[in-house]
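[1] The following comprises the amino acid sequence and a computationally predicted model.
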Amino acid sequence: MGTRAYLGYRGDDAKTPWGEFFNPEMAPLPAHVVDALHHGPQADQVLLGFDSAAELLEAGYHQTETGYGHLPNGAFQVSVRTDMPGVTPRMWDWWFGWHGTDTRRYKLWHPRAHASARWADGGGDGHYVGRTSLIEEYLGSSYAKAAIRFVEPDKIGVPAQRLGDSVAVCARLGSSEVPVDIGWFVHHIRRTPQGAEMRSRFWMGGPYVGVRHGNLFANSMVRPVAARQLPDPRDLLVHCAQEMNHLAGFLPALHARFG
C-alpha cells in the first residue's frame, strides 16, 4: 500500500479499552439497500434537493429514502436510511466527537474500508462542530484522502431550533491534499419506537464543488478537474449503508462503556 495507512488491526492495535469492539465481520446489506441498487439511478424529481434539506425534519418519509441519481444542476444525490434498534440520537452525537481522535476508533466503524483518522487541529475528544476530520478510506476500490468539516445544521438550511431530540450531523466534504471541496452531507438521526433511524443525504459535484476561500474564477477552473475525482454514487451508497449498520450494532454497548 506504499504510504497509505493500513486496513484492520495489526500488532497491538486491539490492546486498547475499546479493542474488543473491533469486528472484521460485517452483516449483509439490508434488503432495502439491495433493492435500491437493483433499481439503479432515480429520477431527479424524487430526489431531495440541497435547498430542501430542512424537509428532513418533517414527519414521514421522502419518495426516495435509499437511492441515488443526478440532479438538473449537474450534481448527484445519494440517500440512505438506516434502522438502528436500541440506539438513541445522542449516541451518534457522542460518536462523532469521540471517534476522530484515534485511528483505531475510526476503524471500528468500517473495518473493511477505514484506514486513518485524525483531527486537523490535533485536539482530543469532545465536540466536532467547527472542526475538520482528516480521513483516509476506501470507497469501493478507490482510495480517498478526505477532509470533513463539520458545520452547524443552520449552515445547510436545517434550523437547529426545530431538531428537538433529534440530531443532525452536517458537513462540507473535500480533499485533504488540495483546498477543494466537492459536496455536502447530513445525517439526520431521529427516534423510532425501536430506537432510532438515520436518514443520510449527500449532494456531490456540480455547484457543490469549490475552492476553499476561492473566487468565482477559481471555482470555474477547478470544477472540471474535481468532477473526475468524485466518488461513484453507488459506491457511496454502499459504503454509507455498511458503516452505519455495522456501528449501530454495537454503538449502545460502546457508548455505555465510554460515553
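    Sure, I can see it. Numbering: from 1, shown residues only.
[2] where does this protein have its least confident helix or strand?
    Scoring the helices and strands of the chain by mean pLDDT, DSSP states H and E places helix 216-227 at the bottom, with a mean of 63.
[3] what residues does the helix or strand following it touch?
    The helix or strand immediately downstream of helix 216-227 is helix 233-248, counting by DSSP states H and E. With contacts defined as Cβ atoms under 8 Å, 6 or more residues apart in numbering, helix 233-248 is touched by 23, 26-27, 29-30, 33, 36-37, 41, 66-69, 76, 78, 80, 82-85, 87, 95, 108-114, 137-140, 142, 187, 198, 200, 202, 204. Where C-beta positions appear, they are placed from N, C-alpha and C, glycine not excepted.
[4] and what of stretch 190-203?
    With Cβ under 8 Å, 6+ apart as the test, stretch 190-203 has contacts from 48, 50, 53, 56, 65, 71, 75-89, 91-92, 165-166, 173, 183-189, 236, 240, 244, 248.
[5] Separate out the buried members of those residues.
    Among the contacts of stretch 190-203, those buried by neighbour count (16 or more other Cβ atoms under 10 Å) are 48, 50, 53, 56, 65, 71, 75-84, 87-89, 91-92, 166, 173, 183-189, 236, 240, 244, 248.
[6] Among the residues you listed, which are located in helices?
    Residues of the buried ones among the contacts of stretch 190-203 located in helices (DSSP state H): 89, 91-92, 236, 240, 244, 248.
[7] Return the closest of those with respect to Gly157.
    Relative to Gly157, the closest of these is Pro89; by Cβ to Cβ it sits at 19.5 Å.
[8] Next one: that closest one, what pLDDT does it get?
    In the predicted model, Pro89 carries a pLDDT score of 97.
[9] List the residues that contact it.
    Neighbour list for Pro89: 165-167, 189-191, 196 [criterion: Cβ under 8 Å, 6+ apart].
[10] Tell me the spatial nearest neighbour of Ala160, not counting adjacent residues.
    Excluding its sequence neighbours, the residue lying closest to Ala160 (Cβ to Cβ, 6 or more residues apart in numbering) is Pro153, at 5.0 Å.
[11] hang on, the earlier thing: pLDDT added to the contacts of Pro89, as JSON lines?
    Shown next, in JSON lines, are these (pLDDT from 0 to 100):
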{"residue": "Asp165", "pLDDT": "95"}
{"residue": "Ser166", "pLDDT": "97"}
{"residue": "Val167", "pLDDT": "97"}
{"residue": "Ile189", "pLDDT": "98"}
{"residue": "Arg190", "pLDDT": "98"}
{"residue": "Arg191", "pLDDT": "97"}
{"residue": "Ala196", "pLDDT": "98"}
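[12] between those residues, which is nearest Leu230?
    Top of the list for closeness to Leu230, among those and by Cβ to Cβ, is Ile189 at 25.8 Å.
[13] Bridge partners for that closest one, pull those for me.
    The partner list for Ile189 in beta bridges (DSSP bridges) reads Val167, Met198.
[14] thinking again about what came up before, please report how far the residue nearest to Ala160 lies from Gly126.
    18 Å (Cβ to Cβ, to the nearest Å).
[15] Kindly report the same for Ala117.
    Look at Ala117 and Gly126: by Cβ to Cβ, they are 15 Å apart.
[16] contacting residues for the residue nearest to Ala160?
    Applying Cβ under 8 Å, 6+ apart, the residues contacting Pro153 are 159-160, 163, 168, 170, 186.
[17] could you redo the last one with a cut-off of 7 Å?
    Taking Cβ atoms under 7 Å, 6 or more residues apart in numbering as the criterion, Pro153 is in contact with 160, 163, 168, 170.
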